[in-house]
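Asks: Sequence and predicted structure are below.
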Number of protein chains: 2
Amino acid sequence: MSSIKSIAIIGGTHGNELTGVHIIQSLKKRHENPVFDTFNFTYVIANPTAVEQNTRFIDVDLNRQFSVENLASLDTTLVELNIAKLLNQQFGPKQDSKTDLVIDIHNTTSAMGATLILLEDSPFYRNMGGYLKAHMPSANILLEDEIAYLEHPYLCTIGQHGIMLELGAQPQGVSRMDILLACEEMLDHILTYCDLYNQNTLPEIPEFTAYRLLDVVKFPLDEANEVAGLVHENMLDRDYERVKIGDPIFRMFDGTEVLLTGEQAIYPHFINEAAYKNSKVAFATALKFKW
Amino acid sequence: MSSIKSIAIIGGTHGNELTGVHIIQSLKKRHENPVFDTFNFTYVIANPTAVEQNTRFIDVDLNRQFSVENLASLDTTLVELNIAKLLNQQFGPKQDSKTDLVIDIHNTTSAMGATLILLEDSPFYRNMGGYLKAHMPSANILLEDEIAYLEHPYLCTIGQHGIMLELGAQPQGVSRMDILLACEEMLDHILTYCDLYNQNTLPEIPEFTAYRLLDVVKFPLDEANEVAGLVHENMLDRDYERVKIGDPIFRMFDGTEVLLTGEQAIYPHFINEAAYKNSKVAFATALKFKW
């Protein structure tokens, strides 16, 4: 197995998600990196202009610009597409990267706690999820492997390996100390995992509970295509909790309820994520599995 | 005593605070108003452009434009100052208003629950607070009477009487059903209070617990004037809970704590309000009192 010799830690990919920004700022001030012998570090605030303006992005969502097609486009008019190409030069290039692992730090307004998002079902990622879960039982492991790793448009895919840390609930533009501490803990476990992986001294990782992305569910709309109801009050702040067929998922503004239909229970997450409001996404669904 | 014959309900004063927006949209769709015999209604979304753009404001904070000086200014370059003058024509004018009560609905990213903000210590407001507290014990009553009613720059002061409903925690751009239901309940009690007031059939309102605005506390800053720490994790989501001298109020990014100094316990609120981040305000303080 190839070892993880270079790690990039990235914050501020979305300018109003402040945990990563504070972590990178702290790393810069500290003048010395977290001490691990088997790899070296780089770190950067990806979209400083968006951070300055306290907004998710200026022109387009930076974390959706890293498809192979986008990175090859000749368009130079979009702030975030230009940043994507520069980050791809600095840390990538995607498909043949000089960086072994890219860790991209995000916040969500959903109560997803400390979630590690993995994009591929491989031993490296599986064991990382299991190691984290064993050392930080409150963490959630979310596998988004509905498409191949390199097909994802996410920033972290410019690395040979790439992961996202997703921490919530934290409103956009707010920075919570509990969330920052959880992110630091998560990061510490993941770096330790990489160090053990490099030294080939990883313990056996037993089976653990994880979630696999299934679908997204949109808000109910009225005839004018306006949102006609909200996520049901019973589901609020209960990301990753089971919702069975027949359970209420929306309450309409007229007071009536919409119940879950379909064939299986779901595990909602990204419930009420502010950034998904424009696309009218109310939450994502997952299946729970033993990994 | 003069009765409350006309009530204006206003939402969307800040475009990314969605509870009021949904309440006004529902009122508009319903084609009939809440039924009370003793007063009539008007309602409006104050800043529809900001709502459309999912932002607090376009140029300046609309809810700070209603000072007598601003309303008399000849500047026509600021979107929100123009709106302020038009709302003042429609519902005011301030100091000689045709509207007996203006109710302005807000959200906060702080865990302030259902808070009724009152701007004057008079029997009308005191009894409104007490009536609400008696019928909705979870509600908080916050008195901001550090300056005279008409000196406040808030939208609601264009009414003969004006109050703000402040509901949280709700991230900007998100709409939570539990918060919407709490706002509807609050509104219903306040309208019922006005109806009883008009009929001179109010019950005796016993003493109740309220909070009186004291001050604001800024984030600790470093030599470069950057935020150097966050609200202490012990204080998060604990708006209106007592903090004594010596309790930690900030944790710095280097891990050290800042303790409360001074001469009296405080009751923090607006903890981590996203909109106050630019002015580096971490929270407001209040004293608790029997009203």
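Replies: In hand now; what should we look at? Numbering: from 1, shown residues only, chains lettered A, B, ... in the order given.
Asks: what about A:Phe270, neighbour count?
Replies: 25 (other Cβ atoms under 10 Å in any protein chain shown). Any C-beta I mention is one placed from the backbone N, CA and C, and that applies to glycine too.
Asks: gap between it and B:Thr13?
Replies: 28 Å (Cβ to Cβ, to the nearest Å).
Asks: ok, for A:Glu166, nearest residue in space, not its chain neighbours?
Replies: Take A:Glu166 and drop its neighbours on the chain: the residue closest to it by Cβ to Cβ, 6 or more residues apart in numbering or on different chains is A:Thr115, 4.3 Å away.
Asks: Contact partners for the one you found?
Replies: The contact partners of A:Thr115, taken as Cβ atoms under 8 Å, 6 or more residues apart in numbering or on different chains, are A:Thr108, A:Ala139, A:Asn140, A:Ile141, A:Leu142, A:Leu165, A:Glu166, A:Leu167, A:Gly168, A:His269.
Asks: what is the third one paired to in the beta sheet?
Replies: Translated: A:Asn140. A:Thr115 (DSSP bridges).
Asks: Helix, strand, or coil at the residue in the stretch 1-150 of chain A that chain B sits nearest to?
Replies: Closest to chain B within the stretch 1-150 of chain A is A:Thr109: 4.2 Å, counting by Cβ to the nearest Cβ. What DSSP: H, G, I helix; E, B strand; the rest coil gives for A:Thr109 is coil.
Asks: and it, how many neighbours does it have?
Replies: 26.
Asks: Quick check: phi and psi at it.
Replies: With angles defined as degrees, to the nearest 10, A:Thr109 sits at phi -80, psi 0.
Asks: right, and it touches A:Val174 too?
Replies: No. Judged on Cβ atoms under 8 Å, A:Thr109 makes no contact with A:Val174 at a distance of 9.3 Å.
Asks: shared neighbours, these two?
Replies: B:Pro171.
Asks: check contacts around whatever residue of the stretch 151-291 of chain A ends up closest to chain B.
Replies: Per Cβ to the nearest Cβ, A:Pro171 is where the stretch 151-291 of chain A lies closest to chain B, at 3.6 Å. Residues near A:Pro171 by Cβ under 8 Å, 6+ apart: A:Thr109, A:Ala274, B:Thr109, B:Ala169, B:Pro171, B:Gln172, B:Val174, B:Asn272, B:Ala274.
Asks: In a markdown table, list the contacts of A:Thr115 along with pLDDT and neighbour count.
Replies: Output for the contacts of A:Thr115, formatted as a markdown table (pLDDT from 0 to 100; neighbours: other Cβ atoms under 10 Å in any protein chain shown):
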| residue | pLDDT | neighbour count |
| --- | --- | --- |
| A:Thr108 | 98 | 26 |
| A:Ala139 | 98 | 20 |
| A:Asn140 | 98 | 23 |
| A:Ile141 | 98 | 21 |
| A:Leu142 | 98 | 23 |
| A:Leu165 | 98 | 26 |
| A:Glu166 | 98 | 26 |
| A:Leu167 | 98 | 23 |
| A:Gly168 | 97 | 27 |
| A:His269 | 98 | 26 |
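Asks: From the contact counts, what lies against the longest helix along chain A?
Replies: Longest helix in chain A, counting residues (DSSP state H): helix A:177-199. Helix A:177-199 sits against strand A:6-11, helix A:18-30, strand A:101-107, strand A:113-118, helix A:123-135, strand A:161-168, strand B:229-231, with contacts defined as 3 or more Cβ pairs under 8 Å, 6 or more residues apart in numbering or on different chains; DSSP states H and E.
Asks: Between these, which one is closest to A:Phe66.
Replies: Nearest of the helices and strands packed on helix A:177-199 to A:Phe66, taken as Cβ to Cβ: strand A:161-168 at 9.2 Å.
Asks: Can you give the distance of the closest one from its chain's centre?
Replies: Put simply, strand A:161-168 sits 4 Å off its chain's centre (Cα atoms, centre = their mean, to the nearest Å).
Asks: Alpha carbons only: can I get that strand in CSV?
Replies: C-alpha atoms of strand A:161-168 as CSV (Å, rounded to 0.1, in the frame of the first residue of the first chain):
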residue,chain,number,x,y,z
HIS,A,161,-7.5,10.7,-1.5
GLY,A,162,-10.0,13.3,-0.4
ILE,A,163,-12.4,13.7,2.5
MET,A,164,-14.8,16.3,4.0
LEU,A,165,-15.4,17.1,7.6
GLU,A,166,-18.9,18.4,8.0
LEU,A,167,-19.8,20.0,11.3
GLY,A,168,-23.1,21.3,12.6
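Asks: Quick check: can you name the pairing partners of that strand and their directions?
Replies: The sheet places strand A:161-168 alongside strand A:101-107 (parallel), strand A:113-118 (antiparallel), with pairing taken from DSSP bridges.
Asks: how many degrees apart are the first one and strand A:6-11 in direction?
Replies: For strand A:101-107 against strand A:6-11, the angle by axes from the mean of the first three to the mean of the last three Cα atoms, to 10 degrees is 10 degrees.
Asks: What parts of chain A come near chain B?
Replies: A:22, A:25-26, A:29, A:54, A:109, A:169, A:171-178, A:180-181, A:226-227, A:230-233, A:236, A:251, A:253, A:272, A:274, A:277-278 (Cβ under 8 Å from any Cβ of the partner chain).
Asks: could you flag which of these are buried?
Replies: In those, burial by neighbour count holds for A:22, A:25, A:109, A:169, A:171-178, A:180-181, A:227, A:230-233, A:236, A:251, A:253, A:272, A:274, A:277, counting by 16 or more other Cβ atoms under 10 Å in any protein chain shown.
Asks: Most tightly packed of the strands paired with strand A:161-168?
Replies: Highest mean neighbour count among those (mean count of other Cβ atoms under 10 Å in any protein chain shown): strand A:101-107, with a mean of 27.
Asks: contacts for that strand?
Replies: Against strand A:101-107 from outside (Cβ under 8 Å, 6+ apart): A:4, A:6-11, A:13-14, A:17-20, A:23, A:46, A:63, A:91, A:154-168, A:170, A:172, A:179, A:183, A:187, A:190, A:194.
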